[in-house]
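1. Provided below for reference: sequence and predicted model.
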Amino acid sequence: MNTMRQFTPREFKIPALTGISATTVEEHIKLYQGYVKNANAIQDKIVEYRKDREANAYVIGELRRRLSFEYDGMRNHEVYFSSLEGGPAPLAEGSPLRAAIEADCAPFDEFIAGFKAMAASVRGIGWAVLWYDRTDRRLMTSWVDEQHLGHFNGCAMILGLDMWEHSYVADYQPSGKKRYIDDFFANLNWAAIEDNFKRAQG
């Protein structure tokens, strides 16, 4: 095999957002497209170097480590951007996702407050994430460092809040992290999160 199957960047139809400028969204999507491009380039390099696996074993190993960063950056952003498509929509009182959040995490308002606090309080770059654990069939939350350190094995990302500075600093300045988090939830289309939940359940 001389090539690997290539990843294709998704297109997102994101309306005008509260607080988050169109310029930030445009630049952020370019960054996402860079993850896709880099993941494809790394795959091509692996194919090239494995023609002599023994001589290039170290290089191939380092490329595979880098691939996890680029790949997870691609997939994390797909969850993030898709959750902003279609305009804001609340999570219905009787929805299966809301029931699962309240069963596995906390009453809904407490869950939102706790999720926001997690996103605001962790210093450094990364993601605040709501996961669906396919093994125990339950929801969990966690912080992911960078793009790829701390992912829960076997879990699907249901909701991902990008806390890298590129996602908010141009609009909010470093001191405006809390306002960015509040605006993200004000812009959130919970129907998209509900769809993620349904797909994760299989």
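-> Done, it's in.

2. where in the protein is pLDDT low?
-> 1-3 (pLDDT under 70).

3. Domain-wise, how is it divided?
-> Following automatic domain parsing, the chain resolves into domains at 22-82, 96-201.

4. Distance from the chain centre to the shortest one, please.
-> In terms of C-alpha atoms, centre = their mean, to the nearest Å, the centre of domain 22-82 is set 15 Å apart from its chain centre.

5. Can you give me the end-to-end span of it?
-> One end of domain 22-82 to the other measures 15 Å (C-alpha to C-alpha, to the nearest Å).

6. ditto for stretch 9-20
-> Termini of stretch 9-20 sit 22 Å apart (C-alpha to C-alpha).

7. could I get the domains of the chain as TSV with distance to residue 10 and mean neighbour count?
-> Every C-beta, even on glycine, is put in place using the N, C-alpha and C of the backbone. Converted to TSV, the domains of the chain look like this (distance: least, C-beta to C-beta, whole Å; neighbours: other C-beta atoms under 10 Å):
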stretch	distance to residue 10	mean neighbour count
domain 22-82	6	16
domain 96-201	13	17
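
8. all helices for the chain, in order.
-> Along the chain, counting by DSSP state H, helices occupy 22-49, 57-82, 96-104, 108-121, 169-172, 177-187, 190-201.

9. and residue 90, which of these is closest to it?
-> Evaluated with C-beta to C-beta, the helices of the chain place helix 190-201 nearest to residue 90, the distance being 5.9 Å.

10. Just the CA trace of that closest one, in PDB.
-> Provided in PDB are the C-alpha atoms of helix 190-201 (Å, rounded to 0.1, in the frame of the first residue of the first chain):
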ATOM      1  CA  TRP A 190     -28.200  21.400  22.400                       C
ATOM      2  CA  ALA A 191     -29.900  19.500  19.600                       C
ATOM      3  CA  ALA A 192     -26.400  18.800  18.200                       C
ATOM      4  CA  ILE A 193     -25.200  17.600  21.600                       C
ATOM      5  CA  GLU A 194     -28.300  15.400  21.800                       C
ATOM      6  CA  ASP A 195     -27.400  13.900  18.400                       C
ATOM      7  CA  ASN A 196     -23.900  13.200  19.600                       C
ATOM      8  CA  PHE A 197     -25.400  11.400  22.600                       C
ATOM      9  CA  LYS A 198     -27.700   9.300  20.400                       C
ATOM     10  CA  ARG A 199     -24.900   8.300  18.000                       C
ATOM     11  CA  ALA A 200     -22.600   7.400  20.900                       C
ATOM     12  CA  GLN A 201     -25.200   5.000  22.300                       C
END
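
11. packing partners for it?
-> Counting contacts by 3 or more C-beta pairs under 8 Å, 6 or more residues apart in numbering; DSSP states H and E, helix 190-201 is packed against helix 96-104, strand 126-133, strand 155-162.

12. Now find how far off-centre the first one is within its chain.
-> Here the centre of mass of C-alpha atoms in helix 96-104, compared against the chain's by C-alpha atoms, centre = their mean, lies 21 Å away.

13. Likewise for stretch 175-184?
-> Distance of stretch 175-184 from the chain centroid (C-alpha atoms, centre = their mean) equals 17 Å.
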